[in-house]
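Visitor: Next come a sequence and a model predicted from it.
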There are 2 protein chains.
Amino acid sequence: MERRVNRQWRLASYPEGLPRESTFRYEEGPVPEPAEGQVLIRSLYLSVDPYQRGRMSSRRSYAKPMEIGDVIVGGVVGQVMRSRHPGYREGQFVVGLLGWQDYALSDGEGLRRVDLEPGLLPGALGVLGMPGLTAYFGLLEVGRPKPGETVVVSGAAGAVGLVVGQIAKIKGCRAVGLSGTDEKAALLREMGFDAAINYKSAADIREALAQACPRGVDVYFDNVGGPITDAALTLINLKARIIICGQISQYNATRPPRGPRQFHLILAARARLQGILVSDWEDRYEEGLAALAGWIREGRLRYRETVAEGFENAPVAFLGLFHGHNVGKMLVKVADPAV
Amino acid sequence: MERRVNRQWRLASYPEGLPRESTFRYEEGPVPEPAEGQVLIRSLYLSVDPYQRGRMSSRRSYAKPMEIGDVIVGGVVGQVMRSRHPGYREGQFVVGLLGWQDYALSDGEGLRRVDLEPGLLPGALGVLGMPGLTAYFGLLEVGRPKPGETVVVSGAAGAVGLVVGQIAKIKGCRAVGLSGTDEKAALLREMGFDAAINYKSAADIREALAQACPRGVDVYFDNVGGPITDAALTLINLKARIIICGQISQYNATRPPRGPRQFHLILAARARLQGILVSDWEDRYEEGLAALAGWIREGRLRYRETVAEGFENAPVAFLGLFHGHNVGKMLVKVADPAV
């Protein structure tokens, strides 16, 4: 059923520390009309991602910050409702950075068609979207894992981490995952990880990781940062590769976080450490999506989604990321596709 | 004049913090006799280098630690006194890791002939030796500076740093050096650095560096670590390259040093950070030496040496590195070449 109003979540204030209710402002506006060359898209699923926290700050991050009053930036899977753009027709599914709102206009820039059956649409925000591509390019292009090497991933039960560990297995590596509950650790093992650590219950993270990595750490894929990363760096092998994909444990810090200096470890191992953003491989998305889809078809890559129901729950779902409430990709279902 | 005894400095104990007199033990032994396939080499110049501190510890570093009683590991320029090796004849100059002693035997492994006139021999431990090669390969292969970019080097008046800044200029970059005295900063400017900062007198290192780098930092070549590196990392540009060559400010720490966590900056800039050791480019030393020698001949690369006189002064010269007593390469003259 088409709505008469366009519900929107906008940025009300830059949060100090953990975002909260007052960070977001709910608004209703008119459904916009597409101009010539534009399409009107109805949101079906909104993506909530840790990187969005970085945009809610005037601090330097990968992208320029949101301004107060902006619709919250975020990925959306939607359906074309009206098209005045030659490349799109009504009913098609698309994905793009359309923001936390029911309706958005697009001139096609940054928009991508999604050829998935309706039940698989959330995948376009997860395993077959930015998180899957981040895992694919980050691990393979920066991590360059060789068969027999040990790949450790933090935030392993998250949207990116689950894919990283499974690709590591596909590439013949030992995959070790760190996550924050026993249930998640059990899931990782079920997904084929060779070892999984609940870092919250481990008496000594470093010791647990050392036991899980008897031949040291060749590739460390970091989504989390902080003490987990400190532990991993003490175990790196010569010429280790470290992928800095996220630092979720640090995003809500109100004071600049401090920790042990680690560069002497990187020097001793002659390791390489690199910060990544998936859009650096934008010209190779098709290759990545084809590989991921192929592994899914072959049953070698599995995924999980945590779906919150209802537009009103987007802020709560987003905050849940920082409490580890998601298994796999976290998203918000806003509407059913029109048939 | 040939000596009758072989003076040696040996490791007496692993130092806690800054090495001191009790770290070293002076010994005299017989001059060894070369067996078939060996050469006897007399030391002319001993190298003292920050990396040696790492060897005086059971802590993990690039190489395995020295054991108590070992002759102190170090580079030496020497002269072949007797040869029972087909590749060497008496009188030739050589360089190798022969240790802090008057005489050493070698079977040729790791030994390299030096074709320099006697007055230029110290260069084989400096600008035309490991430090020069470290600067060359570290900056060009890992830093990959592009014309117009800004290259910042810490420990800029040291053996490696002086070369890094000048190669940066040769490659068309803006070169900015950090050093610890006004005299060193003046030397850097004289050597062609675009800006030089005395970090000890700067009210705010970050502010001074920001002023010296109006277009940010594209390449940071780190010999020092600690607060200087913290400051540099806050100024890196997108896709910056960070070369971790040394962390001299940290080597004598008695407790694990702590500092601000920086990986979020590396993530935001999608920067790459890599620990280096010159021997990773061992198969390309000839190329590097040819390039460095060419620039010296053309007057585009200049160098400085700080020479301590006398075998007995090796420990003092070594300790001087941690107090910034050297300008350019620090070495110890032990004997004159025989003619």
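Guide: In hand now; what should we look at?
Visitor: Domain map for chain A?
Guide: A:5-125+A:304-333, A:130-279 (automatic domain parsing).
Visitor: anything in the shortest one near chain B?
Guide: Translated: domain A:130-279. Yes. Judged by Cβ under 8 Å from any Cβ of the partner chain, domain A:130-279 comes into contact with chain B at A:222, A:225-226, A:229, A:244-247, A:250, A:256-261, A:263-277. Any C-beta I mention is one placed from the backbone N, CA and C, and that applies to glycine too.
Visitor: now these: which count as buried?
Guide: A:222, A:225-226, A:229, A:244-247, A:250, A:257, A:259-261, A:263-277 (16 or more other Cβ atoms under 10 Å in any protein chain shown).
Visitor: Which parts of chain A are helices?
Guide: A:51-55, A:130-137, A:159-170, A:182-190, A:205-212, A:227-233, A:263-268, A:285-297, A:314-321 (DSSP state H).
Visitor: In a markdown table, list these along with mean pLDDT and distance to A:Pro147.
Guide: As requested, the helices of chain A are exported to a markdown table (pLDDT from 0 to 100; distance: least, Cβ to Cβ, whole Å):
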| stretch | mean pLDDT | distance to A:Pro147 |
| --- | --- | --- |
| helix A:51-55 | 91 | 32 |
| helix A:130-137 | 98 | 17 |
| helix A:159-170 | 98 | 10 |
| helix A:182-190 | 97 | 20 |
| helix A:205-212 | 98 | 19 |
| helix A:227-233 | 97 | 21 |
| helix A:263-268 | 95 | 24 |
| helix A:285-297 | 97 | 17 |
| helix A:314-321 | 95 | 33 |
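Visitor: Turn the ones you listed into a markdown table, including distance to A:Ser13.
Guide: A markdown table is the format used below for the helices of chain A (distance: least, Cβ to Cβ, whole Å):
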| stretch | distance to A:Ser13 |
| --- | --- |
| helix A:51-55 | 13 |
| helix A:130-137 | 26 |
| helix A:159-170 | 27 |
| helix A:182-190 | 32 |
| helix A:205-212 | 35 |
| helix A:227-233 | 30 |
| helix A:263-268 | 36 |
| helix A:285-297 | 34 |
| helix A:314-321 | 13 |
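Visitor: Looking at those helices, which is nearest to B:Ile41?
Guide: helix A:263-268 (29.7 Å; Cβ to Cβ).
Visitor: Check which helices and strands that closest one sits against.
Guide: strand A:236-244, strand B:236-244, strand B:272-275 (3 or more Cβ pairs under 8 Å, 6 or more residues apart in numbering or on different chains; DSSP states H and E).
Visitor: In CSV, list those along with mean pLDDT and distance to B:Asp115.
Guide: Putting the helices and strands packed on helix A:263-268 into CSV (pLDDT from 0 to 100; distance: least, Cβ to Cβ, whole Å) gives the following:
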stretch, mean pLDDT, distance to B:Asp115
strand A:236-244, 98, 33
strand B:236-244, 98, 29
strand B:272-275, 98, 32
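Visitor: I'd like to know which of these lies nearest to A:Ala308.
Guide: Taking the helices and strands packed on helix A:263-268 one by one with Cβ to Cβ, strand A:236-244 is closest: 27.9 Å.
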